[in-house]
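Colleague: Quick one: sequence plus predicted model below, questions after.
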Amino acid sequence: MNLQLQLFVRILIIAVICIVSSAWYVLYQTNQQALNEAEATASRIEHQIRQQLLQMFQRYDFTQSFPDIGLWNKIDSVPGSCTQFLSRTQSRQRSLCNATQASNKDYPIWFGHFYTQFFNPGVEVKRSVNFNAIKYGTILVTLNVDIETARAWHNLQAALGVLVVTIMALCCLVFITINRMLKPAKDIVAGLEKMRAGDLAIRLPDFDIAEWKRTSHAINALVSTQQNIMAENKQLSIKIMNTQEEEHRYISRELHDEFGQCLAGINAVTTSASQSAKNTCPEIVEELNSIRHITGHMMSALRDLLTRLRPAELDELGLETSLKQLIKSWNQRSSGKTHYSLSLVGNMDELAETLAVHIYRIVQECLTNIAKHASAEHAEVNINIQKENALSLIIKDDGVADLSAFSSSNGLGLLGIHERVAALGGDLSLDTQINGGLVVTIILPMTQKAEA
């Protein structure tokens, strides 16, 4: 449950509590009002009776009716109530009921049970009539249960009508206000989702609410710091890869100049000695041939190692020739099991040296994984220099699409290729073909010219 819905539910709960509390208060006040009116009626009648007794004793006139009910009619009693005078000797009983009667129960039955359960609509108010230290009787005012219950129901309806409309309007206003106040949270979450997707260029706007403004400033500062760190890491990665390539170039040159020359010299001496030994010492010819074969194998292994470290044609002839030679070597190794093809669109010579090396390394690693894990019959390498200063590299095969092969590779693997592409500011995506096989799509910017 989101925050907005939680707040709305809590507002409704508070509104219901307010309505119930207000309804209880209205019923309580209605009951108290009826009780106060009954007590006021009893007090007024008591006062009239005492005044009548005072006049009777002052005039010594005991012939008039006592108590005089006619005087009671002048009193505004509670509608539907009955007033009784119970004399001490029960010789002067008087009773007067208000003309208002409840023709029907103008309230729900359940409300009648509820109201009589918690309140006392038929309350009786008693007052003793004393004069000159003599008790003449008791005044009894009894309220009508149906009329008092109906009055409570009408008061409750009137109060709840206004109260419900007021509270609902207030809830709507509060909900709208909260919704507007929480709108920045939606913008912040949307911005964070874009940042998580890699769009670190986005910035959260300034909000009017101080708390949201501080939050957006903190997130923007964090993203700026992260962006700077990633830019520094990218530059560092490029420097590390370039340094590695320089080391590979140096080691390759040293191996070629020193170790390669030594092997070539050994091979030449062995060949010459073998020719001479045929006439002078034929028994060592076989051993000399073995040495020559071992030397040839070492030279072949050295050439493969030099190709892995730094192919000489990459520095001497450029990327296009190096890739063609790489494809040719893979076709020779596969012996017809897998056919490798190359398609180049654009002038590869305009690429910066560092970018050319990285492209060669990526192609080299992808072809290695195809040979080891794909069991493909065809493999294609397509490089296209686009007009918008971008280069697309697509490598696909029709073998078994196994993404885990990249991570388990002894070379760069998927992680290494991804890091290399990310350091160059490019994008990498993997997909499978309908008929099987993997498609590696890489888009690289041409800004590497400046970094050559």
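Modeller: The structure has been received and is ready for your questions.
Colleague: Next secondary structure after the lowest-mean-pLDDT helix or strand in the chain?
Modeller: The least trusted helix or strand in the chain, going by mean pLDDT, DSSP states H and E, turns out to be helix 404-408, with a mean of 52. The element immediately downstream of helix 404-408 (helix or strand, assigned by DSSP states H and E) is helix 413-423.
Colleague: Next, give phi and psi for residue 441.
Modeller: Torsion angles at residue 441 (phi, psi; degrees, to the nearest 10) stand at phi -110, psi 130.
Colleague: How many residues are close by it?
Modeller: 15 (other CB atoms under 10 Å). The way it works is simple: take the backbone N, C-alpha and C, and place the C-beta from them, glycine included.
Colleague: How about it: what's its closest non-neighbour residue?
Modeller: residue 429 (4.8 Å; CB to CB, 6 or more residues apart in numbering).
Colleague: Run through the helices of the chain in chain order.
Modeller: All helices of the chain, identified by DSSP state H, fall at 3-59, 69-72, 109-118, 145-196, 210-254, 261-280, 285-309, 312-316, 319-334, 353-369, 404-408, 413-423.
Colleague: Deepest-packed of those helices, please.
Modeller: Highest mean neighbour count among the helices of the chain (mean count of other CB atoms under 10 Å): helix 353-369, with a mean of 21.
Colleague: tell me what that one is packed against?
Modeller: If you count contacts as 3 or more CB pairs under 8 Å, 6 or more residues apart in numbering; DSSP states H and E, helix 353-369 packs onto helix 210-254, helix 312-316, helix 319-334, strand 378-386, strand 390-397, helix 413-423, strand 438-445.
Colleague: The same query, at a cut-off of 7 Å, please.
Modeller: helix 210-254, helix 319-334, strand 390-397, helix 413-423 (3 or more CB pairs under 7 Å, 6 or more residues apart in numbering; DSSP states H and E).
Colleague: And the contacts of the shortest one?
Modeller: The set of residues external to strand 390-397 that reach it, using CB atoms under 7 Å, 6 or more residues apart in numbering, is 359, 362-363, 366, 370, 374, 376, 378-386, 433, 437-446.
Colleague: can we see that at 6 Å?
Modeller: Identification of contacts with strand 390-397 by CB atoms under 6 Å, 6 or more residues apart in numbering yields 366, 370, 374, 376, 379-385, 437, 439-445.
Colleague: same deal with stretch 157-167?
Modeller: 15, 22, 26.
Colleague: try 10 Å this time
Modeller: 11-12, 14-16, 18-19, 22-23, 25-27, 29-30, 107, 156 (CB atoms under 10 Å, 6 or more residues apart in numbering).
Colleague: nearest to residue 213, of these?
Modeller: Proximity of these to residue 213 (CB to CB) peaks at residue 11, which lies at 25.7 Å.
Colleague: For the closest one, give me its contacts.
Modeller: Per CB under 10 Å, 6+ apart, neighbours of residue 11: 167, 170-172, 174-175, 178.
Colleague: Which of those residues sits closest to residue 220?
Modeller: residue 178 (25.0 Å).
Colleague: Hmm, that closest one is touching residue 4, no?
Modeller: Yes - with contact defined as CB atoms under 10 Å, residue 178 counts as touching residue 4 (6.8 Å).
Colleague: if we can go back for a sec, looking at the helices and strands packed on helix 353-369, which is nearest to residue 124?
Modeller: That would be helix 210-254 among those, by CB to CB, at 61.4 Å.
Colleague: helices or strands up against the closest one?
Modeller: Secondary-structure packing of helix 210-254 (3 or more CB pairs under 10 Å, 6 or more residues apart in numbering; DSSP states H and E): helix 145-196, helix 285-309, helix 312-316, helix 353-369, helix 413-423.
Colleague: tell me the average confidence for that helix?
Modeller: The average pLDDT within helix 210-254 is 85.
Colleague: can you check stretch 307-315 too?
Modeller: So the average pLDDT for stretch 307-315 ends up being 73.
Colleague: Next, the distance between the ends of stretch 342-351.
Modeller: 18 Å (CA to CA, to the nearest Å).
Colleague: Go through it and flag the buried ones.
Modeller: 342, 348, 351 (16 or more other CB atoms under 10 Å).
Colleague: So which of those residues is the closest to residue 221?
Modeller: So of these, ranked by how close each gets to residue 221 (CB to CB), first place is residue 351, at 37.8 Å.
Colleague: Regarding the closest one, what are the backbone dihedral angles?
Modeller: According to degrees, to the nearest 10, residue 351 has phi -80, psi 150.
Colleague: Residue numbering should commence at 347 henceforth.
Modeller: Got it, first residue is 347 now, which makes that one residue 697.
Colleague: roughly how far apart are it and residue 523?
Modeller: Computed as CB to CB, to the nearest Å, the residue 697 to residue 523 distance reads 59 Å.
Colleague: got a pLDDT number for residue 650?
Modeller: The predicted local confidence for residue 650 is 79.
Colleague: quick one: it from residue 601, how far?
Modeller: 12 Å.
Colleague: which two from the contacts of stretch 503-513 end up farthest apart in space?
Modeller: Among the contacts of stretch 503-513, 357 and 453 lie farthest apart (CB to CB), at 30.8 Å.
Colleague: The residue nearest to residue 433 when sequence neighbours are not counted pairs with what?
Modeller: Excluding its sequence neighbours, the residue lying closest to residue 433 (CB to CB, 6+ apart) is residue 483, at 4.0 Å. On the basis of DSSP bridges, residue 483 is bridged to residue 433, residue 475.
Colleague: so how many other residues sit close to residue 483?
Modeller: Residue 483 has 23 nearby residues by other CB under 10 Å.
Colleague: Which segments of the chain make up each domain?
Modeller: Here the domain parsing of the chain from automatic domain parsing is 349-519, 546-656, 663-798.
Colleague: From start to finish, how long is the longest one in a straight line?
Modeller: Pointing back at domain 349-519 there. Note: domain 349-519 ends 17 Å apart using CA to CA.
Colleague: Rounded mean pLDDT for it, please.
Modeller: Per-residue scores along domain 349-519 average to 77.
Colleague: Could you pull up the residues touching residue 576?
Modeller: 544, 546, 768.
Colleague: now, which of these sits nearest residue 583?
Modeller: residue 768 (7.6 Å).
Colleague: And the nearest residue to residue 537 once chain neighbours are set aside, its phi and psi?
Modeller: With CB to CB, 6+ apart as the criterion, residue 537 has its nearest non-adjacent residue at 4.9 Å, and that residue is residue 550. When quoted as degrees, to the nearest 10, the phi and psi of residue 550 stand at phi -80, psi 140.
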